[in-house]
Structures are given as C-alpha cells and as structure tokens.
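A.B. asks: have a look at this prediction, sequence included:
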Amino acid sequence: MFIISNFLMALALVLGWIFTIAYWLILIRALISWVNPDPYNPIVQFLYKTTEPILYPIRKLLSRLFSSNFNIGIDISPIIAFLLIFFLREFLIKSLYDIAMALR
C-alpha cells in the first residue's frame with residue numbers, strides 16, 4: 001500500500017504546484033489587463049493562451065446564470081477562478097495527503 005500512498009502524495013504535490021502556477025498566471029493576466037497590453041507581445045500571448053482555458057468556461061457559465069441585461073462592466077471570472085483554486089487547494093490537496101497518510 002505504500003506505493004499507492006507515495007503516488008497520492010506525489011500527485012498532491014504536483015497538483016499543488018499546478019494550482020500555484022495557475023493562480024500567479026491569472027493574477028498577472030488580471031493586473032496587466034488594467035494597462036491595455038500589446039496583444040502581439042509574446043508574454044501577453046502566453047498569458048492569454050494559458051489562462052483562457054480556465055477563464056472561458058467560467059465566463060460562459062456566468063453569462064448563462066445572469067441575463068445579458070446584467071452587465072457590471074468588469075470581468076469577475078478571475079475572482080471566481082481564485083476561489084476555485086483556493087477551494088481545490090484546501091479540499092483536494094489536503095484530502096489526497098490525508099488519504100496517502102492513512103494508507104501508510
């Protein structure tokens with residue numbers, strides 16, 4: 001059972017790093033959106049390409065939940081993404097660690 005335990009601990013570690021990187025990429029994208037970045041800049045293109053798969057489904061869900069008449073003028077999808085990342089970090093990562101420790 002120690003092999004499964006080690007696998008779950010490694011999985012939790014890798015997922016933790018992925019969530020941390022996603023958090024920072026979304027934060028940087030949100031911050032640079034305030035200054036009207038050059039869309040042809042390779043760094044800006046990288047940020048958009050890596051964060052859009054996370055933010056687009058959230059935007060799509062928000063547009064379905066709220067009618068088109070409800071438009072607050074700002075994109076709150078990064079905030080929702082932060083909340084999801086925090087939840088997954090607290091719930092999923094800690095649960096994987098606890099399961100891995102119980103299997104030892």
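C.D. replies: Nice, thanks for sending it over. Numbering: from 1, shown residues only.

A.B. asks: burial count for Ala100?
C.D. replies: 20 (other C-beta atoms under 10 Å). Backbone N, C-alpha and C define where each C-beta goes, glycine included.

A.B. asks: in this structure it contacts Phe2, no?
C.D. replies: No. Counting by C-beta atoms under 8 Å, Phe2 is not a contact partner of Ala100; they are 9.6 Å apart.

A.B. asks: any idea how far the lengthiest helix in the chain is from the chain center?
C.D. replies: Counting by DSSP state H, the longest helix found in the chain is helix 2-32. Relative to its parent chain, helix 2-32 has a centroid offset of 9 Å by C-alpha atoms, centre = their mean, to the nearest Å.

A.B. asks: now stretch 20-37
C.D. replies: Worked out by C-alpha atoms, centre = their mean, stretch 20-37 lies 12 Å from the chain centre.

A.B. asks: next, the buried residues of it.
C.D. replies: Ala22, Tyr23, Leu25, Ile26, Arg29, Ala30, Ile32, Pro37 (16 or more other C-beta atoms under 10 Å).

A.B. asks: which member of those residues is positioned nearest Glu52?
C.D. replies: Checking the buried residues of stretch 20-37 against Glu52 with C-beta to C-beta, the nearest one is Arg29 at 9.0 Å.

A.B. asks: could you check how far that closest one is from Ile21?
C.D. replies: Distance from Arg29 to Ile21, counting by C-beta to C-beta, to the nearest Å: 12 Å.

A.B. asks: repeat for Phe46
C.D. replies: Counting by C-beta to C-beta, the gap from Phe46 to Ile21 is 12 Å.

A.B. asks: just give the closest residue to Arg89, not the sequence neighbours.
C.D. replies: Of all residues not flanking Arg89 in the chain, Phe19 sits nearest, at 5.1 Å (C-beta to C-beta, 6 or more residues apart in numbering).
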